[in-house]
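> Fold the following, please.
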Amino acid sequence: NSLGADVVAGNAAASNIENFVYIAMNAFSVAATTITGQNMGAKQFKRVDKLLGEAVIMVTIIGVTLGAVTYMFGEPLAKLYCPDNPSAIKYSMVRFLWITIPYFLCGIMEVFTGILKSCGSALSSMIISLVFCSTFIFLCLKNIVERFRIKFGMTGVLFFHFEKCHADFEVTIFVTSKNG
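Below you'll find the model as predicted:
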């Protein structure tokens with residue numbers, strides 16, 4: 001691998017840890033999607049509005065809190081995966097800074113898209129995901145390269161991570177084209 005063993009090890013360690021943050025936020029998205037579907041079926045549309053606000057607040061609190069805690073304790077957490085590799089831990093911390101701290105934004109996006117899908121608007125959900133992910137990728141990569149002059153290796157690893165976000169709307173495009 002041209003990125004080097006330290007970058008790959010640091011990226012893998014951070015990715016494993018940040019998945020815990022994602023799972024916590026995804027739980028709110030799944031719950032909001034389910035509750036929205038139930039309320040839409042019961043024609044209780046006012047509850048959906050209230051749910052949207054509450055779910056966004058909750059996912060933001062969880063995302064910001066877990067992102068900050070993950071970053072604050074990033075070094076000891078990364079040492080669980082690569083105990084004798086300070087360089088890999090340094091790369092883990094870069095990933096935590098750029099992925100885990102703003103990860104609450106992904107949670108907000110997932111709540112919105114989940115609720116829109118439950119309301120029967122898969123196309124709107126796909127467009128939100130496309131615009132959000134593309135903008136986020138561009139801004140983060142631009143800032144990383146300009147501010148930190150990080151070599152392509154770590155930027156490439158971060159770009160690969162953001163490609164997971166694009167998988168969401170690619171699946172939505174497929175489902176939308178099959179159903180509509």
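> elements contacting the lengthiest helix in the chain?
When the chain is parsed with DSSP state H, its longest helix is helix 5-41. Judged by 3 or more Cβ pairs under 8 Å, 6 or more residues apart in numbering; DSSP states H and E, helix 5-41 is in contact with helix 45-72, helix 74-81, helix 86-95, helix 104-118, helix 152-179. In this view, the C-beta of every residue, glycine as well, is placed from N, C-alpha and C.
> In terms of mean pLDDT, which of the ones you listed ranks lowest?
Across the helices and strands packed on helix 5-41, helix 152-179 has the smallest mean pLDDT, namely a mean of 42.
> Show me the residue at the heart of this structure, geometrically.
residue 106 (4.0 Å; Cα atoms, centre = their mean).
> Tell me the secondary structure at residue 83.
coil (DSSP: H, G, I helix; E, B strand; the rest coil).
> Tell me how many other residues surround residue 46.
8 (other Cβ atoms under 10 Å).
> one step back: for the longest helix of the chain, buried residues please.
For helix 5-41, a neighbour-count test (16 or more other Cβ atoms under 10 Å) marks 6-7, 9-15, 17-18, 21-22, 24-26, 28-29, 31-33, 35-37, 39-40 as buried.
> Who are the contact partners of the closest residue to residue 21 other than its chain neighbours?
Distances taken as Cβ to Cβ, 6 or more residues apart in numbering put residue 66 closest to residue 21, at 4.4 Å, once the chain neighbours are dropped. For residue 66, the contacting residues are 20, 21, 24, 25, 100, 103, by Cβ atoms under 8 Å, 6 or more residues apart in numbering.
> mind listing what residue 63 touches?
Neighbour list for residue 63: 21, 24, 25, 103, 104, 105, 106, 107, 108 [criterion: Cβ under 8 Å, 6+ apart].
> was I right about the fourth one contacting residue 22?
Meaning residue 103. Yes: using Cβ atoms under 8 Å, residue 103 is in contact with residue 22, at 6.9 Å.
> returning to what we had before: check the gap between the residue nearest to the centre of the chain and residue 66 for me.
Using Cβ to Cβ, to the nearest Å, residue 106 is found at 12 Å from residue 66.
> Now do the shared contacts for these two.
residue 25.
> Just the CA trace of stretch 4-14, in CSV.
What follows is stretch 4-14, C-alpha atoms only, in CSV (Å, rounded to 0.1, in the frame of the first residue of the first chain):
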residue,chain,number,x,y,z
GLY,A,4,2.3,3.4,4.5
ALA,A,5,1.6,1.1,7.4
ASP,A,6,1.3,3.9,9.9
VAL,A,7,-1.4,5.7,8.0
VAL,A,8,-3.3,2.5,7.4
ALA,A,9,-3.0,1.4,11.0
GLY,A,10,-4.1,4.9,12.3
ASN,A,11,-7.0,5.0,9.9
ALA,A,12,-8.2,1.5,10.9
ALA,A,13,-8.0,2.3,14.6
ALA,A,14,-9.9,5.6,14.3
